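Student: Sequence and predicted structure below; questions after.
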2 protein chains.
Amino acid sequence: MNENAAMSRGDFEQALRAKSAYYHIHHPFHKAMYEGRCTPQQIRGWVANRYYYQISIPIKDAAIMANCPSATVRRHWIQRILDHDGYDDDAGGIEAWLALGEAVGLSREEIISQQHVLPGVRFAVDAYVNFARRASWQEAASSSLTELFAPQIHQSRLDSWPQHYPWIDEKGYSYFRKRLSEARRDVEHGLQITLDYYRTREQQERMLEILQFKLDVLWSMLDAMSMAYELGRAPYHTVTQEQVYHRGIAL
Amino acid sequence: MNENAAMSRGDFEQALRAKSAYYHIHHPFHKAMYEGRCTPQQIRGWVANRYYYQISIPIKDAAIMANCPSATVRRHWIQRILDHDGYDDDAGGIEAWLALGEAVGLSREEIISQQHVLPGVRFAVDAYVNFARRASWQEAASSSLTELFAPQIHQSRLDSWPQHYPWIDEKGYSYFRKRLSEARRDVEHGLQITLDYYRTREQQERMLEILQFKLDVLWSMLDAMSMAYELGRAPYHTVTQEQVYHRGIAL
């Protein structure tokens, strides 16, 4: 086989799907979550930190649209923003995340204040948003393709959390259910753009690096949470108990 | 005392200097380095990762200049770029860092390839560069003020490394010596800009948050190195031995 020859559409899709080996479903913090080994404080830490990802996704999607001259593509892509921010009677994904936060025992105010958001989480999420600002819209759009693996992770939470964490109000799980169907729909559009756009071997290799970058974002978020909530190594634990890190500068 | 009243110039400078409590000199990984508890592999990991910070600093400084309409300020600020990139017979700080890398047993090629740069380090450094791209030049300039604390950290390395790590060629230490004097000079200019620019209490509080953001960048870099080189938790350690994370996307 010629290593410089472009992959066929099918082989390229297979190479993208093989990246699931690096999905954060394998991260020790995520494993602990779905195996029922997390304390309420660890679950709360994850929900409060992951909130920063949730509120950044529509900004990322707006950045993609801001670089995209095709009205046809924008007409598709805008659905992602509507899904997260809500429209008409749909309160949207961010609101559903806040409901999850309340179900695990956080107040809306402390989630929205971002007081628990760790710097490492912020930097990883900001990297994703900034990539969308600076890359071509096709590259930024295809970086969303970790959605290929998302239904599995949402399903794993729906399957395991109710039995392991009976103290969590089941009404909180609507976000995971909502994303199960949305992610499946989104991935079709993102995959189409990606398979159409990357045609040479060099471009396809570049795309695999972009997908790895996005996997790094998700993994690094959980690394920061592991340090803070699992390993007792929150920032500045050596010198103070004060939570200085809520003073985040968003990029 | 009125909590809303602006701090005097002296009090504001004291408040900035008090942020030294959060400087990465207190990070467990840094403590292990200057107390002689690091393995050669840990020292090499630090030098190879910190290289990404070194090469990003002139880009950060160019971003500040790109937002600054004052030729007078730019004439001062450009010295930082010259210091790092070199000019005339001065090979510059990046070259001095490569010499440190060779002194600790890395090859120039593996440093320059960035194959050891961890995603968490990349995201933290990129956050600093992106802040400089998007903030006003005064805010970005003042975020450099962790230089207030830099002479102490360089001196601590010069004082302790030669005795603890006799296997490191002393020729490698020229970077730390070079920065001792440069950081002292730079900080005067940065401090002048900062004390002149932030006059209201609200602005001064904002500046303290910006300095905290920069402290978070430095701390998070060491967190990522702790995970990889101290705690056995490098990215994707759960699923593969392959070093996927060298495929970094720079922002």
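Tutor: Okay, I see it.
Student: what about the residue in the stretch 151-251 of chain A that chain B sits nearest to, which helix or strand?
Tutor: Nearest residue of the stretch 151-251 of chain A to chain B (CB to the nearest CB) works out as A:Asp216 at 3.7 Å. Quick note: C-beta positions are derived from backbone N, CA and C, even for glycine. Assigned by DSSP states H and E, A:Asp216 falls within helix A:201-225.
Student: Quick one: mean pLDDT over that helix.
Tutor: The average pLDDT for helix A:201-225 rounds to 97.
Student: same check, this time on stretch A:154-170
Tutor: 96.
Student: What residues of that stretch count as buried?
Tutor: Residues of stretch A:154-170 classed as buried: A:His154, A:Ser156, A:Arg157, A:Trp161, A:Tyr165, A:Ile168 (neighbour count, 16 or more other CB atoms under 10 Å in any protein chain shown).
Student: my guess is the last one contacts A:Ile43, does it?
Tutor: Yes. With the criterion set as CB atoms under 8 Å, A:Ile168 and A:Ile43 qualify as a contacting pair; they are 7.5 Å apart.
Student: Give me the common contacts of the two.
Tutor: In terms of CB atoms under 8 Å, 6 or more residues apart in numbering or on different chains, A:Ile168 and A:Ile43 are both contacted by the residues A:Val104.
Student: Could you pick out the longest helix of chain A?
Tutor: Criterion DSSP state H: the longest helix present in chain A is helix A:40-66.
Student: helices or strands next to the helix or strand following that one in the packing?
Tutor: Downstream of helix A:40-66, the first helix or strand assigned by DSSP H and E is helix A:71-85. Helix A:71-85 is packed against helix A:40-66, helix A:93-103, helix A:137-142, helix A:174-197, with contacts defined by 3 or more CB pairs under 8 Å, 6 or more residues apart in numbering or on different chains; DSSP states H and E.
Student: tell me the angle helix A:71-85 makes with helix A:40-66.
Tutor: Helix A:71-85 and helix A:40-66 are oriented at 160 degrees to each other (axes from the mean of the first three to the mean of the last three CA atoms, to 10 degrees).
Student: now helix A:71-85 against helix A:174-197, angle please.
Tutor: 160 degrees.
Student: now, which of the buried residues of stretch A:154-170 lie within helices?
Tutor: Of the positions in the buried residues of stretch A:154-170, A:His154, A:Ser156, A:Arg157, A:Trp161 sit in helices, assigned by DSSP H.
Student: Include distance to chain B when you put those residues into TSV, please.
Tutor: Supplementary listing: those in TSV, determined by distance: CB to the nearest CB, whole Å:
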residue	distance to chain B
A:His154	20
A:Ser156	15
A:Arg157	18
A:Trp161	21
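Student: thinking again about what came up before, return the distance of the helix holding A:Asp216 from the chain's centre.
Tutor: A distance of 12 Å separates the centroid of the chain from that of helix A:201-225, by CA atoms, centre = their mean, to the nearest Å.
Student: circling back: the residue of the stretch 151-251 of chain A closest to chain B contacts B:Val121, correct?
Tutor: No. If you go by CB under 8 Å, A:Asp216 and B:Val121 don't touch, sitting 10.9 Å apart.
Student: Neighbour count: these two, which is higher?
Tutor: Applying other CB atoms under 10 Å in any protein chain shown to A:Asp216 and B:Val121 shows that B:Val121 carries more neighbours, namely 31 against 28.
Student: what sits against that one?
Tutor: B:Val121 makes contacts with B:Asn49, B:Tyr52, B:Tyr53, B:Met221, B:Ala224, B:Met225, as judged by CB under 8 Å, 6+ apart.
Student: Which single one of these is nearest to chain A?
Tutor: Minimum distance to chain A across the contacts of B:Val121 is 7.0 Å, recorded for B:Ala224 (CB to the nearest CB).
Student: how about the closest residue to that closest one other than its chain neighbours, secondary structure?
Tutor: Counting by CB to CB, 6 or more residues apart in numbering or on different chains, B:Ala224 lies nearest to B:Gly120, which is 2.9 Å off, once chain neighbours are set aside. Secondary structure assignment for B:Gly120 (DSSP: H, G, I helix; E, B strand; the rest coil): helix.
Student: And B:Gly120, how far from A:Ala224?
Tutor: Between B:Gly120 and A:Ala224 the computed distance is 7 Å (CB to CB, to the nearest Å).
Student: what does A:Asn130 give?
Tutor: Distance, A:Asn130 to A:Ala224, by CB to CB: 17 Å.
Student: coming back round to it: can you list residues touching both of B:Gly120 and A:Ala224?
Tutor: Both B:Gly120 and A:Ala224 are contacted by A:Gly120, A:Ala124, B:Ser220, B:Asp223, under the criterion CB under 8 Å, 6+ apart.
Student: Setting aside sequence neighbours, what's the nearest residue to the residue in the stretch 51-200 of chain A positioned nearest to chain B?
Tutor: Closest residue of the stretch 51-200 of chain A to chain B, CB to the nearest CB: A:Pro119 (3.7 Å). Ranked by CB to CB, 6+ apart and with sequence neighbours excluded, the top spatial neighbour of A:Pro119 is B:Asp216, at 3.7 Å.
Student: who's in contact with A:Asp186?
Tutor: The contact partners of A:Asp186, taken as CB under 8 Å, 6+ apart, are A:Gln79, A:Arg80, A:Ser144, A:Glu147.
Student: Ranking by neighbours, what's the top pick from those residues?
Tutor: Within these, most neighbours by other CB under 10 Å means A:Ser144, with 27 neighbours.
Student: Low-confidence bits of chain A, can you list those?
Tutor: Along chain A, the model assigns pLDDT under 70 to residues A:1, A:240-251.
Student: and A:Glu35, backbone torsions?
Tutor: The phi and psi values for A:Glu35, taken as degrees, to the nearest 10, are phi -90, psi 0.
Student: how much space between it and A:Ser156?
Tutor: Per CB to CB, A:Glu35 is found 10 Å from A:Ser156.
Student: Please apply the same query to A:Glu102.
Tutor: When A:Glu102 is compared with A:Ser156 (using CB to CB), they lie 22 Å apart.
Student: which one is A:Gln155 nearest to, not counting chain neighbours?
Tutor: With CB to CB, 6+ apart as the criterion, A:Gln155 has its nearest non-adjacent residue at 6.6 Å, and that residue is A:Leu180.
Student: Tell me how many other residues surround the one you found.
Tutor: A:Leu180, neighbours per other CB under 10 Å, totals 15.
Student: Counting neighbours, go ahead and name the busier of A:Asn130 and A:Ala224.
Tutor: Using other CB under 10 Å as the criterion, A:Asn130 and A:Ala224 rank with A:Ala224 on top: 30 against 21.
Student: Hmm, the more buried one is touching B:Pro119, no?
Tutor: No. Judged on CB under 8 Å, A:Ala224 makes no contact with B:Pro119 at a distance of 11.2 Å.
Student: what do these two both touch?
Tutor: Counting by CB under 8 Å, 6+ apart, the common neighbours of A:Ala224 and B:Pro119 are A:Ala124.
Student: re earlier: list the contacts for the residue nearest to B:Ala224?
Tutor: Under the criterion of CB under 8 Å, 6+ apart, the neighbours of B:Gly120 are A:Gly120, A:Phe123, A:Ala124, A:Ser220, A:Asp223, A:Ala224, B:Ser220, B:Met221, B:Asp223, B:Ala224, B:Met227.
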